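> sequence below, structure please.
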Amino acid sequence: MLSADGALVQLRAAGTGDCSGCAPLKITRARLTTMTVPTTRGPATAPAWEYTLDGTTVRLARVAVDPSAIVRVTPPPWDADHPHAGLAIESATTTTASSELTVTFTGAPGPGSEPCGADYSAEAVESDLAVVVIVIEHRHAKDEACADIGAQRTATLKLSRPLGERAVLEVTQGLPVKLTITG
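Model (predicted):
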């Protein structure tokens, strides 16, 4: 966990722009508290420092989690000449006990039996920490001239075991997606 001084250093470093005409603010108190932060599994409560400013009711807050404890994923650079296989997923849904995972993505509006349509299947690459979902498109025809229209589509896949605490990652950038767990 970061100290109050360490969190304040981060807060100052996050500032942007020139503020040469601004009056400095004096911090009179730091109090350890909690705040809600977004995660791929919904809101979570994290420790935070709340700073009181002299002469104002405004409070500043900064998460007190040490940066070394935060998992960050840096997406690979995009290469239009060598795109990744599979479509990017936008979200995933499962239940606590199920091995089925349903993913949402943007795809062709119609089914593969129609011109410009597509059907979709999905598969997973699994580890103890994460599941990478690969959505495979099965187009009506390869070289059809189609309008560039997308629609929300879903695909369901079977995992080797229930998801548990594992993250769900999309294949094109390796980033976590929003996950809804029901039941």
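> which residues does the closest residue to Ala130 other than its chain neighbours contact?
Using Cβ to Cβ, 6 or more residues apart in numbering and skipping residues adjacent in sequence, the residue nearest Ala130 is Ala167, 4.6 Å away. Using the backbone N, CA and C atoms, a C-beta is placed for each residue, glycine as well. Ala167 makes contact with 40, 129-131, 176, 179, according to Cβ atoms under 8 Å, 6 or more residues apart in numbering.
> show me the helices in this structure, by range?
When secondary structure is read from DSSP state H, the chain shows helices at 4-13.
> residue ranges with poor pLDDT in it?
Counting by pLDDT under 70, the chain contains low-confidence ranges at 71-80, 82-85.
> show me it divided up by domain.
The record's domain split for the chain, according to automatic domain parsing, is 4-69, 89-182.
> which of those sits most buried?
Highest mean neighbour count among these (mean count of other Cβ atoms under 10 Å): domain 89-182, with a mean of 15.
> ok, back up a step: distance to Asp81 for the domains of the chain - can I get that in JSON lines?
Listed next are the domains of the chain as JSON lines, based on distance: least, Cβ to Cβ, whole Å:
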{"stretch": "domain 4-69", "distance to Asp81": "31"}
{"stretch": "domain 89-182", "distance to Asp81": "15"}
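> for Arg59, give its distance to Cys116.
Remark: distance between Arg59 and Cys116 (Cβ to Cβ, to the nearest Å) = 54 Å.
> Thr156 too?
As judged by Cβ to Cβ, Thr156 and Cys116 stand 23 Å apart.
> how about the strands of this protein, start to end?
Secondary structure of the chain by DSSP state E: the strands cover 27-39, 42-53, 59-63, 89-95, 100-107, 118-126, 130-139, 151-158, 167-170, 178-182.
> return the residue of the chain that is most distant from the centre.
Most distant from the centre of the chain: Gly55, at 38.3 Å, with distances by Cα atoms, centre = their mean.
> what's the nearest residue to Ala151 once chain neighbours are set aside sitting at in phi/psi?
Nearest non-adjacent residue to Ala151, counting by Cβ to Cβ, 6+ apart: Pro109, 3.9 Å away. Backbone geometry at Pro109, expressed as degrees, to the nearest 10, gives phi -70, psi -30.
> need the contact list for Pro109.
With contacts taken as Cβ under 8 Å, 6+ apart, Pro109 has the following neighbours: 116-117, 149-151.
> how about TSV for these, with distance to Gly86 added?
Compiled in TSV, the contacts of Pro109 are given as follows (distance: Cβ to Cβ, whole Å):
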residue	distance to Gly86
Cys116	20
Gly117	18
Ile149	20
Gly150	16
Ala151	18
